[in-house]
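>>> This is a predicted model, with the sequence first.
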Amino acid sequence: MGMGACNRGVTSTLSGELELQARWFAGEFGREFEGTNGETVNIVQFGIWNRAAGPDFVEAAVSINGAAAKRGAIEIDPDIRDWERHGHSQNPDYENVVLHVFQHNCAGRLFSRTASHRLVVQVQLPMGANTGIVGGPLARAGRCAPVLAARSVSEIRATLLDAALLRFRRKAAALRRTGEVHGENEALYQALAMGMGYPNNTLPFRLLAQRLPLHRLSQDPEEAEALLFGVSGFLPTPNLAALSPETRVHARKLWQHWWPHRDAYQALQIPAALWRLHGQRPANHPARRIGALSALVRHWRALRRLVAMNDWKRCTTFLCGLAHPFWTNHYTFHSQAAARPLALIGEERIEELLVNSLLPFNGDWDKLVSMRARGRNRRSKTAAARLLATRPDTKKLLAEAACQQGLLQLYEDFCRCDSSDCAGCPFPEQALSTVTGLSGC
Ligand code: SF4
């Protein structure tokens, strides 16, 4: 990026940035623009307002010079220099940004590029008075929202359960396929590992479980944790002097087990760039999750006995009670000890492990239908804002875990495949004509 002299001294503030995003999302600036290189830029869909780390709007669609709309993210900054100031050019989370929008430009030519040196199309917005808008929904209501709003609660519930059953069967089939190749135990272990990595680190956790299969880790539980940390790349360097005394003791023990295997496993180490560490709550740091995975491996037989018995109450109690001599009290290798013991696997994570892995593994659909949902994650909130925006009973419907699962399936099958701002989405017509046999992309 070439840095020129700016024609205005602008300091970006959080409220200024939020206001700009809110005005953009409200459509105040329109949807047709001229890019800084003279391109014709058409915003086909404004996307989802991302309140977590990463670009400001995800799942947007933008057409450049009349070409087919490209799905990706949009970053909005008060000042063109914010792209570099905020480190977006080095952050892989910004790799799929298709448009950088800003208000204040500089006299020289500044480019927005991604970590792989791809140039991002830029649009400069006109200056305008502040409106005081700083909030708003995560996403716009979709074309299907009025159709679904006109349905009775039993019809909507039937549609959601229909989609949830499809989702459940797909998960069960995926587990079965992995089981046929690697064995049932490995299939469940891989699924649970991916669940520990949800939402941002499912791929590195999957790789970790594939590179260190359960049958290998079960040979020596003392060694298992060291291998997991060694292959993950999270093991601190051999010079442990900077660590707190109790962390040093734990890290030294891990190193003693890792040394003899280091050469054999070095080539299998997960690339550091695959781990997503931005925007994670400390308790959800992947290092802690790896510590929890090592505890699961250590107690695998007990867990499998409970799963085989379909005893979900005891299974939940068992997972809630899992502890680890180091990770129950630490967020990372470099943090101070926590003031109070931390759950090794939190209640929300346990619910997700049940819904996404354990129940499909046993094919226990009836349990899923009877489950209450503890909360709603960002994705289900976004899906609700798009599909169920105008229903007064949304909260009640989504208190059922199966209904949440159905909503997520509809969102994935229709919204995530759409780049026409709902215009070409077949779901509203399907929802009008039938409550069964939905087919998305
Ligand atoms: S893309 Fe389809 S399913 Fe999603 S909000 Fe639009 S009309 Fe509804």
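Now that the structure is in, tell me what you want to look at.

>>> which regions of the stretch 1-150 of the chain lie under the pLDDT threshold?
Low-confidence segments of the stretch 1-150 of the chain, defined by pLDDT under 70: 1-15, 128-138.

>>> any idea which element the residue in it that the ligand sits nearest to lies in?
Here the stretch 1-150 of the chain gets closest to the ligand at one residue, residue 142, 2.0 Å apart by C-beta to the nearest ligand atom. To be clear about C-beta, it is placed using only N, CA and C from the backbone, and glycine gets the same treatment. Using DSSP states H and E, residue 142 sits within no helix or strand.

>>> For it, the count of nearby residues, please.
24 (other C-beta atoms under 10 Å).

>>> Could you find the closest non-adjacent residue to it?
residue 386 (4.5 Å; C-beta to C-beta, 6 or more residues apart in numbering).

>>> mind checking the SS state of the one you found?
Classification of residue 386 by DSSP: H, G, I helix; E, B strand; the rest coil places it in helix.

>>> got the contact list for it?
Residue 386 sits next to 139-142, 144-145, 411, 415 when contact means C-beta atoms under 8 Å, 6 or more residues apart in numbering.

>>> ok, it to residue 401 distance?
20 Å (C-beta to C-beta, to the nearest Å).

>>> what does residue 91 give?
Residue 91 is 34 Å from residue 401, by C-beta to C-beta.

>>> So between those two, which is more surrounded?
residue 401 (22 against 16).

>>> if we can go back for a sec, in contact with the residue of the stretch 1-150 of the chain closest to the ligand, which residues?
By C-beta under 8 Å, 6+ apart, residue 142 lies in contact with 386-387, 389, 415, 422, 425, 428.

>>> least confident pick among those residues?
When these are compared by pLDDT, residue 389 scores lowest at 88.

>>> Please name the nearest non-neighbouring residue to that one.
The nearest residue in space to residue 389 (C-beta to C-beta, 6+ apart) is residue 141, at 3.6 Å.

>>> can you put the contacts of residue 142 in JSON lines and add distance to residue 149?
Output for the contacts of residue 142, formatted as JSON lines (distance: C-beta to C-beta, whole Å):
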{"residue": "386", "distance to residue 149": "13"}
{"residue": "387", "distance to residue 149": "10"}
{"residue": "389", "distance to residue 149": "8"}
{"residue": "415", "distance to residue 149": "17"}
{"residue": "422", "distance to residue 149": "15"}
{"residue": "425", "distance to residue 149": "16"}
{"residue": "428", "distance to residue 149": "11"}
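
>>> mean confidence for whichever strand or helix holds residue 403?
Using DSSP H and E, residue 403 maps to helix 401-413. The average pLDDT within helix 401-413 is 96.

>>> buried sites along stretch 277-285?
For stretch 277-285, the neighbour count (16 or more other C-beta atoms under 10 Å) marks 280, 284-285 as buried.

>>> tell me, which strand in this protein spans the most residues?
strand 70-79 (DSSP state E).

>>> No further queries at this time; thank you.
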